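K.L.:
what shape does this take:
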Amino acid sequence: MVQTRLVRENFYCIEDERVRQFLITGKEESILIDTGFADSHVADAVKSVTDTPVKVLLTHADRDHIGGLSDFEEVYLNEKDWGLVSIPIRLRDLCEGDCFSCGGYRLEVVSIPGHTYGSVAFVDWENRLLLPGDSVQKEGPIYMFGPHRNLDLYIESLRKLLPIADKIDTILPCHHECPIDSGYIMKNLQDALALREGKLEGEKHPSLPCSTFRGIWTQFYR
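P.N.:
Next up is the predicted model:
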């Protein structure tokens, strides 16, 4: 069941216990970050909160983040993930440094490829917020298997985020516990390095074509 809750002024979480979306409301326009699974009907949840036009920004194009795209006419997504979208929709590129303002928030795009090649995060410097999609989480699992993922790039992206950790108070991930603190950037990085170095023992997943690797703080599907 989809639940919508106000977590900050003009800032909502929309979640169904599988994946989490974020809605920022403004007087003339609102911003929706990700669209969830198709059966979550995120667009209906949005309409229950605001009747303003909605600009849709995507952290990446895994199916649990783009399932509701058919309810919208246009979406912003980094071009490197466009090939993952099979729904006919107008795509606009989401690039490093792009900024979107709404409801007292100003989101700047940070490119963090690895979980997918087109993964991005959104950072609000004034409010000290980071929305990293699936790339920073508490515990996970973080999906790192399949042809559209790259562990080396993921590690470099976490290293890229490290210098801003002291400028961030709150991280809002799309899965599992939320919010979390900026210390999870380093925790995910250390476990990802251990994964790449072959220090984590894998256990074959019962249904997915991957194994589960458990680090100290993070587990990965790889």
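K.L.:
report the beta-bridge partner residues of Leu57.
P.N.:
In this structure, Leu57 bridges to Ile33, Tyr76 when assessed by DSSP bridges.
K.L.:
the top helix by length along the chain: which residues count as buried?
P.N.:
Ranked by residue count, the top helix of the chain under DSSP state H comes out as helix 183-196. Within helix 183-196, the residues scored as buried using 16 or more other C-beta atoms under 10 Å are 184-189, 191-192, 194-195. In this view, the C-beta of every residue, glycine as well, is placed from N, C-alpha and C.
K.L.:
in what helix or strand does the closest residue in space to Val110 that isn't next to it in sequence lie?
P.N.:
Leaving aside its sequence neighbours, Val110 sits nearest to Ala121 (C-beta to C-beta, 6 or more residues apart in numbering; 4.6 Å). Secondary structure assigned from DSSP states H and E places Ala121 in strand 120-124.
K.L.:
just checking, what packs against that strand?
P.N.:
When contacts are defined as 3 or more C-beta pairs under 8 Å, 6 or more residues apart in numbering; DSSP states H and E, strand 120-124 sits against strand 105-111, strand 129-131.
K.L.:
tell me the SS of the spatially most central residue of the chain?
P.N.:
The centroid of the chain falls nearest to Gly133 when counting by C-alpha atoms, centre = their mean (1.1 Å). With DSSP: H, G, I helix; E, B strand; the rest coil as the basis, Gly133 sits in coil.
K.L.:
residues contacting it?
P.N.:
By C-beta atoms under 8 Å, 6 or more residues apart in numbering, the residues touching Gly133 are 34, 59-60, 65, 112, 115, 119-121, 173-174.
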